[in-house]
Each structure stands twice: as structure tokens, then as C-alpha cells.
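K.L.:
Next come a sequence and a model predicted from it.
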Amino acid sequence: MTFLSALMTMSDASVRKPLGVFGGTFDPLHFAHLRLAEEAVDALGLCAVRWIPAGQPALRDSPKVSAAQRLEMVRLAIAGNPRFELDAAEVEAAQPSYTVPTLERLRQPQVCGMERPLVLLVGADAFTAMTDWHRWEKLIDLAHIAVAHRPGYAVDAASLSPALARLYRDRFCADPLLLAEAPAGRIATFAMTALDISATRIRTLLSKGHSPRYLLPEVLVEHIQAHHFYSEI
Ligand code: ATP
């Protein structure tokens, strides 16, 4: 192999490396979110993870702090990590956030186009509830889905609704590195470091005046205290 062809093969490989897409309410962001995204890069061979905070989450109570404030917390928490990028579009849209329209936006030619492998990153709890999502059957046509283990939630067909269990069986891909071979259509799982942390628990601690330290980055602990977020829930 000549030097030039080796170089071309390398750049082909990096073009084909999947992009991770990680949505969430992040109310607030915590260490399990960060580890999920960081470990997904290595486990799934991603080029990067695109963080997409939800503006107005469609399927849950209103977040306790505004979309702009949650976006700012994500920006602070991921700053300086070259593997992470921030996508503010759902926050700026000022309308309910749905994942299928977000993926359709990413598939536009001027963003990622149709060929680039995209991997939607979700925790096991979010995956189990996916059939409640707006136009959920379209998800798998637009992206792969990678499910991270989460303490307290099983990742197996037996614990899924019949429609999701069928999809899971049909599309399961045992080798996550094979996600790079197609733009969308496969489901993989990965066993991230188990961290039994939730934003709900952090909000509860803060509302009682207890410390959330060591559950989320110090920069967010200071930011939350400075702005008196979550003092009541
Ligand atoms: P809340 O407690 O407010 O419901 P959360 O901690 O579950 O929040 P979200 O912003 O709703 O956080 O989650 C964003 C994504 O991160 C979801 O796909 C969720 O499954 C995943 N996730 C959150 N916490 C964990 C965790 N501890 N382990 C694995 N995945 C997680």
C-alpha cells in the first residue's frame, strides 16, 4: 500500500466513523450522562458525541429550570472535551422536542447527510419507553440505536413491549463496531460503568438543602448554587 492510499483509507475510515447523538433533559446534567457519552465513543468507535438538550420535553413534566439554563449547564460540563459537541437547535426551537424531527434535521445534506452513520444514544430506561415517542417506528430508519445499561433497568427482549421486542430481536447487532457499516438500522448495547445517579435524585437533594457534590461536575454544583436552582421542587 502506498503512502497516499494509506492516507486515503484513513480518511475514509474517519468519514465513516459514526456520530453519536445524545438527547436528554439534563435537568441537571450529571456524571452518568458524561460517562455514558465518553464510554460510547470507545465502545462504539464514534468520531464524537453531539449533545442535544431538549427544549420542551414532550413526554414529561416541565423541567425545573429553563431550556436556556439547561443548555448553559451542558455547555459548562462538556467544555474542553474534544470528543463532545453541543447542538442548541431543540432549545432554540421553542416548541416541543421530538427525536424523529431532530434526526431528520441531522439527515439534511448541509448537516450530516443520509450516508453518515448516526447512533442515537439512550439509557436502558429511555429505550424501554421508546414506543411512547412521537413516530417512534421511524427512529431506526434514521439512526442506529445504542442502549447503555442503567442500574435498575434490564436490557433484554423479555422486558420490552411486544413491538419493541420484535424490533430489538430483528435489529440486534452483537458487535457494536459494525454500526459503522451502515448509516442506520441496527441496535447495539453497551455496558457502561454502572452509576446509579439520576437528575431526580439531585433535584431532591438540593430541594432539601443537602449536598449534590460528587454526583455532578463541580462547575455545575457552583453554577446551581450561584443561581439557586432546584431550591424547591
Ligand atoms: P430524571 O431523573 O429527571 O428523569 P435522568 O437522570 O434520567 O433525569 P435524562 O436527562 O432524562 O436524565 O436522561 C438523558 C439520557 O441519559 C437518557 O437516555 C437516560 O436513559 C440516560 N441516563 C440518565 N441517567 C443514566 C444513568 N445513571 N445510567 C445510564 N443512563 C442514564
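P.N.:
Everything's here; your move.

K.L.:
Asp87 contacts Gly55, correct?
P.N.:
No - applying CB atoms under 8 Å as the test, Asp87 and Gly55 come out as separate, 11.3 Å apart. For glycine as for every other residue, the C-beta is placed from the backbone atoms N, C-alpha and C.

K.L.:
And these two? Which one has more around it.
P.N.:
Set Asp87 next to Gly55 and count neighbours by other CB atoms under 10 Å: Gly55 wins out with 23 against 20.

K.L.:
Now do the same contact list for that one.
P.N.:
Gly55 is in contact with 67, 90-97, counting by CB atoms under 8 Å, 6 or more residues apart in numbering.

K.L.:
go on, Lys64?
P.N.:
27, 203, 229-230, 233.

K.L.:
could you pull out the helices for this protein?
P.N.:
In the chain, the helices defined using DSSP state H lie at 3-16, 31-44, 67-78, 89-93, 99-106, 124-128, 139-142, 162-171, 199-207, 218-227.

K.L.:
Ignoring the adjacent residues along the chain, who's closest to Trp136?
P.N.:
Nearest residue to Trp136 in three dimensions, chain neighbours excluded: Met130, at 5.4 Å (CB to CB, 6 or more residues apart in numbering).

K.L.:
and that neighbour, how far is that from the ligand?
P.N.:
To the ligand, Met130 is 10 Å away according to CB to the nearest ligand atom, to the nearest Å.

K.L.:
what about that residue, how many neighbours?
P.N.:
Close neighbours of Met130, defined as other CB under 10 Å, add up to 22.

K.L.:
Start at 36, not 1
P.N.:
Renumbered: residue one is now 36, and that last one reads Met165.

K.L.:
Return the residues of this structure in contact with the ligand.
P.N.:
Taking CB under 6 Å from any ligand atom as the criterion, the chain approaches the ligand at residues 59-62, 67-68, 71, 157-158, 160-161, 183, 185, 230, 232-235.

K.L.:
Can I have the buried ones of those residues as a ChimeraX selection?
P.N.:
Buried residues within these, by 16 or more other CB atoms under 10 Å, are selected in ChimeraX with:
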select :59,60,61,62,67,68,71,157,158,161,183,185,230,232,233,234
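
K.L.:
For stretch 87-99, buried residues please.
P.N.:
Residues 87-92, 98-99 are the ones in stretch 87-99 that count as buried (16+ other CB under 10 Å).

K.L.:
Now distance to Leu153 and pLDDT too, for the residues you listed, in CSV please.
P.N.:
Below are the buried residues of stretch 87-99 laid out as CSV (distance: CB to CB, whole Å; pLDDT from 0 to 100):
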residue, distance to Leu153, pLDDT
Ile87, 12, 97
Pro88, 18, 96
Ala89, 18, 93
Gly90, 20, 90
Gln91, 23, 82
Pro92, 21, 71
Pro98, 25, 78
Lys99, 30, 77
